[in-house]
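# What follows is a predicted protein model with its sequence.
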Amino acid sequence: MKFDVGLILSWIPAALAGLEITIAVWLAGGLCALALGFGVAAARRFGGALVDRALTLYVALIRDTPFLIQLFLLYYGGPFVGLELEPYQAGLIGLTVYGSAYFAEIIRAGFEAVPVGHQEAAICAGLTRAQMVRRILLPEMALLVLPPVVNMQILLLKETAVLSIVTVPELTMTLTSLGSEHFAFAEALSLLAGLYWVLVEVTGALGRFAERRLARLSFAA
């Protein structure tokens with residue numbers, strides 16, 4: 001047996017089709033997870049003790065169970081309670097819920113990391129509470145949480161490989177199927193790893209660029 005580069009090249013069109021699905025599901029799930037996580041974090045901070053306790057339980061439940069198990073329960077267990085989802089729907093909802101718990105903790109920590117003195121100074125300067133949140137709390141929090149948010153988005157990108165278990169024809173499912181069909185697992189996994197590496201590097205570079213831009217805007221303000 002030998003490593004067949006020609007076989008890898010012949011798989012490029014199929015791999016790009018799977019890659020397109022991976023990126024689409026990841027972007028949709030990642031953005032929805034970030035939005036939901038922000039909502040959870042904001043509700044915990046401003047919603048009172050009862051809301052905070054309820055959402056703390058939600059975050060703990062999601063973070064303490066593997067994504068694989070959550071996806072199994074959502075897709076294969078859902079019909080038992082009347083919830084029948086298409087593979088794409090299950091994948092999107094699964095990524096959203098799973099990621100939201102982590103984003104909620106990241107954003108909560110970001111809120112708490114903003115110095116109280118900055119907020120008090122803004123109020124003493126005549127800003128209303130809403131203006132203080134919009135002009136002081138949110139910009140400073142965004143700068144603090146951007147690196148961990150990017151890292152979490154990268155983790156969600158790699159978690160899209162799990163969606164193959166619910167038959168989403170993303171990159172992992174596409175290439176592992178081709179590897180099984182041709183008994184060329186080394187070639188399939190090498191191409192799979194290479195494409196994920198490219199995606200992660202591009203995402204990291206975009207995150208670093210956004211961090212520099214946000215820092216410049218903050219200092220300019």
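Received, thanks. Residues are numbered from 1 along each chain as shown.

# which stretches of this protein form helices?
Using DSSP state H, the helices of the chain run over residues 5-10, 12-46, 49-63, 67-75, 87-113, 116-124, 129-132, 138-159, 171-182, 185-220.

# Quick check: which of these is nearest to residue 81?
Comparison of the helices of the chain against residue 81 by Cβ to Cβ identifies helix 67-75 as nearest, at 9.9 Å. Any C-beta I mention is one placed from the backbone N, CA and C, and that applies to glycine too.

# That closest one: which residues count as buried?
Of all the residues in helix 67-75, those buried under the rule 16 or more other Cβ atoms under 10 Å are 67, 70, 71, 72, 74, 75.

# from memory residue 196 sits against residue 170, does it?
No: with contact defined as Cβ atoms under 8 Å, residue 196 and residue 170 do not form a contacting pair (11.1 Å).

# the more surrounded of the two?
Between residue 196 and residue 170, counted using other Cβ atoms under 10 Å, the more crowded position is residue 170 (26 against 19).

# per-residue pLDDT, that one?
On pLDDT, residue 170 comes in at 95.

# Pretty sure it sits against residue 158.
No: using Cβ under 8 Å as the test, residue 170 is too far from residue 158 to be in contact (11.7 Å).

# Would you mind finding the most buried of the helices of the chain?
helix 87-113 (a mean of 21; mean count of other Cβ atoms under 10 Å).
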